[in-house]
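In: how does the following fold in three dimensions:
(2 chains)
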Amino acid sequence: MTSYLLRRLGYALLILVGVNLVTFFLFFTVNTPDDMARLNIGGKRVTQEQIDKWKAERGYDKPLYWNDKAQGTDKLTQTIVWERSVSLMALEFGRSDARNAVDIGHEIKVRMGVSLTLAVPVFILQLIVSTVFALLLVFFRHTRIDFWGVVLCVLMLSISALFYIIVGQYLFARVLRLVPISGYAPGLDAVKFLVLPVLLSLLSRLGSEARLYRVMLLEEVGKDYVRTARAKGIAEHWVLMRHVLRNALIPIITSAGAYLPYVFLGSLVFESFFGIPGLGTFVIEAISGQDFAIVRSMVFLGAVLYIASYVLIDLAYTWVDPRVRLES
Amino acid sequence: MGFKLVFLWTDIALYVLALALAGYVWHVRRQPTLQANWKKVMHDPAALSAGVVLLLFAGVAALDSVHFRRALAPAAPGGQVYYDTRTISLLDLALARQVEMREPTYSAPLATHGFSKESVNVGGQTVREFPRLAFGGAHLRDPQREWAGDVARRAALGALGGAAVFALVLLVTAMVLRRSHGSTRQALRDIAADRTTYPLRAMAATLGVVCLLGGAVVSLMGHYHVFGTDRTGNDVLLLALKSVRTAFVIGGLSTLATLPLAVVLGILAGYFKGWVDEVIQYFYTLLSSVPNVLLIAACVLMVQVFLDKNPEMFETGAERSDLKILLLCIVLGVTGWATLCRLVRGETLKLRELEYVQAATAFGVGHARIMARHILPNVMHLVLITTVLSFSELILYEAVLTYVGVGVDPGTSSFGSMINLARSEMSREPAVWWQFAAAFVFMVALVLSANLFADGVRDAFDPRSRSFRPRLGRGRPHAAG
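Out: Predicted structure coming up:
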């Protein structure tokens, strides 16, 4: 078990190094630091002195990959790729490229909490609501309820999340005035700001998730042990709850896990629509401000979160399915 | 009047895509198993009806993909001919009246008056009132009295025309079926009772609805703005129709861009195993561990800087925004191959252990040949299923990306930019809802039909998924299973 986990973590580390290097190549082969400086200082007439000053302030005045002027190992370490990437691996994000040069690490710490207050309830409720809906469809399989339920799912998953958001905001916040349109407050006050985004986020993904889980549950329903359970005279709803659900949880958890990075993406849109000052809004602002330091840090952080969630899913696996424990 | 054909990059890519599709159809005709699978798709009423709607949308996209620039009148006879800087398409030509019907500002659907009050000079006095539109309902003398009757008459006439077209199509179909069904009359009866080989009744119903609605809209749109106008007075219906092409480009080309990487790498990884597999797995894990939207944002920022640095590459603005869409598709393709690659790899791992592959190896057939002749055709069903499924996903994705600011150019009409604008319009008092509604109607129609069609394809090519279809009338749930 321990060696299995260690192996997973080693691979995760390798992936993170890769992500780090790939984003660096992406950013700096197309753009030189001079381009970035020009972009950030702004204006048409930018003198070389201004550019040099900007680069010196942010540590972009060294060579990209290989420093000829330095001695020994400094040839490698006195470069932008080394300074910018090694610190990132230690989760030190440095300052942003923009004029106000915010401390990215500090911003992330503050905003991460805010993002989680939205993402965690969404993730948990999503799992519950979609599974329950799918269970209902499976219980009523081969009836009209199942048929029209699936039709509803297909219809719901054909509608862009943006539509749910705009209609929901219009209906609940503007016409019915039940909740504020947007904004955020710390502490318990956050609830009234978060109700609507959580609800709409659930709705927007219910169709695709419920349909997927329905198939996973049906797959289990067809198996022999379920027939045995029925033959023993156990009521259908108990068969579903006790036997089918328990065994279908593994694929369901995996697919929910595959959705974890999309919690990130989903909250990107939801946060900015509802004015929630989390990581999503941070990224969108950075993208529109073309702040590469922030975008790169967030790409890296996203990869860290994704990999962490996968290791967690592996752990959940061993908890749900004893066979996995035996194999390792 | 002369013109110069303009081949935008995405046009060429779409033509190639159409050619490839035609090639595939030709290939299917020679392969009995493939043909049988496609016949299964055609037997699915939902997929067939969705196919009709998709074809209509594809037609709009095709019309919008033939671009040209008009010649300007020469300054002197025999002088050099200059071409208009605006690039227009066949669709623009067909909807020339819609393009010209430009109002000063917002107007509601089918309105005769503007949406907000303006100062109008009436008999020497300035009055605040809703101004008459320049085109919408301009033929009415007394809009208040005549409007309802005029709209109803035009809509009814249009619907009638649509019905006539529909009846004609139905009659021709029945005449074609005459031989197998006995007589034309019998063929019509069989279509109505759903006794035909293919579910023609469902197809006819879809076509009927489309004809009625389309007829009414076509007859109204010459004199009214059926979906109103946007902030700058453009007809929203026109915008929505122009967005269809963008959706097809993003959906089609991005999927196309994932294929080479996903298929080639997937087969290589599954076939050679060992270190090749390790390296390829490493790369797709790496790619899929970065949240997609961030990776795409990063790539699009690069593209943006590249385009800004090389302004001399483009003759017109259209070419520039077009290249941006193409690059976006490539970015979407390059960042999105991981899922399909994983599937192909898994299938290849299974296939390479099969007897006929072993036999080929024993005969000394080369690796490349085995992969091309034995493995590739047998993973194609996965490729097909993934391709049709991701088409609709990408259309939805485009809207989100454009909202985030890494999608298409603001000048390019797309569903994403329509929704983006609609967002601020909806918070006005009173709300301007029609652009949002138009985007909704068109997008849901397109994505829903793409999804239904994709489901049909998946059920036909993946027998396993068919058993999970919801079915009616199989007795009590307890008995089945």
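In: any idea how many residues pack against residue A:82?
Out: 19 (other C-beta atoms under 10 Å in any protein chain shown). All C-beta spots, glycine's among them, are computed from the backbone N, C-alpha and C.
In: ignore the last one, residue B:286
Out: 19.
In: isn't it right up against residue A:19?
Out: Yes. Using C-beta atoms under 8 Å, residue B:286 is in contact with residue A:19, at 6.0 Å.
In: what sits against the residue lying closest to residue A:196 once chain neighbours are set aside?
Out: Leaving out its chain neighbours, the residue that sits closest to residue A:196 by C-beta to C-beta, 6 or more residues apart in numbering or on different chains is residue A:179, at 4.9 Å. Neighbouring residues of residue A:179 by C-beta atoms under 8 Å, 6 or more residues apart in numbering or on different chains: A:172-173, A:192-193, A:195-196.
In: and the stretch 201-350 of chain B, which residues reach chain A?
Out: When proximity is defined by C-beta under 8 Å from any C-beta of the partner chain, the stretch 201-350 of chain B lies next to chain A at B:282-283, B:285-286, B:288-295, B:297-299, B:301-302, B:304-306, B:309.
In: repeat that for 6 Å
Out: B:285-286, B:289-291, B:293-294, B:297-298, B:301-302, B:305-306 (C-beta under 6 Å from any C-beta of the partner chain).
In: redo those as TSV? Include secondary structure and pLDDT.
Out: TSV is the format used below for these (DSSP: H, G, I helix; E, B strand; the rest coil; pLDDT from 0 to 100):
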residue	secondary structure	pLDDT
B:285	helix	86
B:286	helix	87
B:289	helix	82
B:290	coil	81
B:291	coil	78
B:293	helix	79
B:294	helix	79
B:297	helix	81
B:298	helix	79
B:301	helix	77
B:302	helix	77
B:305	helix	74
B:306	helix	75
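In: got a ChimeraX select line for the buried ones in those?
Out: Of those, the buried ones go into a single ChimeraX selection, burial set by 16 or more other C-beta atoms under 10 Å in any protein chain shown:
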select /B:285,286,289,290,291,293,294,297,298,301,302,305
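In: could you dump the residues of the stretch 201-350 of chain B next to chain A to CSV with distance to residue B:213?
Out: Output for these, formatted as CSV (distance: C-beta to C-beta, whole Å):
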residue, distance to residue B:213
B:285, 48
B:286, 48
B:289, 46
B:290, 43
B:291, 40
B:293, 35
B:294, 41
B:297, 38
B:298, 43
B:301, 42
B:302, 43
B:305, 45
B:306, 44
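In: what subset of the contacts of residue A:179 is buried?
Out: A:172-173, A:193, A:196.
In: OK, now which residue of the stretch 1-150 of chain B is nearest to chain A?
Out: Per C-beta to the nearest C-beta, residue B:46 is where the stretch 1-150 of chain B lies closest to chain A, at 9.0 Å.
In: now that residue. Nearest residue, chain neighbours left out?
Out: That would be residue B:452: by C-beta to C-beta, 6+ apart, it lies 4.8 Å from residue B:46.
In: which one of the buried ones among the contacts of residue A:179 is nearest to chain B?
Out: residue A:173 (9.7 Å).
In: roughly how far apart are the nearest residue to that closest one once chain neighbours are set aside and residue A:175?
Out: Once flanking residues are discounted, residue A:173 sits nearest to residue A:181: 4.1 Å by C-beta to C-beta, 6+ apart. Distance, residue A:181 to residue A:175, using C-beta to C-beta, to the nearest Å: 11 Å.
In: give me the element residue B:406 is part of.
Out: Using DSSP states H and E, residue B:406 is not contained in any helix or strand.
In: ok, it touching residue B:300?
Out: Yes. Using C-beta atoms under 6 Å, residue B:406 is in contact with residue B:300, at 4.1 Å.
In: show me what contacts residue B:105?
Out: Residues near residue B:105 by C-beta atoms under 6 Å, 6 or more residues apart in numbering or on different chains: residue B:233.
In: residue B:63 too?
Out: B:90-91.
In: go on, residue B:438?
Out: B:227, B:236, B:240.
In: now intersect those with the helices, please.
Out: B:236, B:240 (DSSP state H).
In: could I get the contacts of residue B:438 as TSV with pLDDT?
Out: Shown next, in TSV, are those (pLDDT from 0 to 100):
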residue	pLDDT
B:227	87
B:236	88
B:240	90
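In: mind giving me CSV with the contacts of residue B:438 and columns for distance to residue B:439 and neighbour count?
Out: Listed next are the contacts of residue B:438 as CSV, based on distance: C-beta to C-beta, whole Å; neighbours: other C-beta atoms under 10 Å in any protein chain shown:
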residue, distance to residue B:439, neighbour count
B:227, 9, 24
B:236, 9, 24
B:240, 7, 23
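In: any idea which of the contacts of residue B:438 is the one closest to chain A?
Out: Closest to chain A, out of all of those and judged by C-beta to the nearest C-beta, is residue B:240, at 14.3 Å.
In: confirm for me that the closest one is in contact with residue B:444.
Out: No. In this structure residue B:240 lies outside contact range of residue B:444 using C-beta under 6 Å: 11.8 Å.
In: which two among the buried ones among the contacts of residue A:179 are spaced furthest apart?
Out: Farthest apart among the buried ones among the contacts of residue A:179 by C-beta to C-beta are A:172 and A:193. That separation is 12.2 Å.
In: chain B contacts on chain A?
Out: So far as C-beta under 6 Å from any C-beta goes, chain A lies against chain B at A:15, A:18-19, A:26, A:30-31, A:141-142, A:146-147, A:150, A:154, A:158-160, A:162-163, A:166, A:170, A:215, A:218, A:221, A:236, A:261, A:264-265, A:269, A:284, A:287-288, A:290, A:295, A:298-299, A:302-303, A:306-307.
In: no further questions, thank you.
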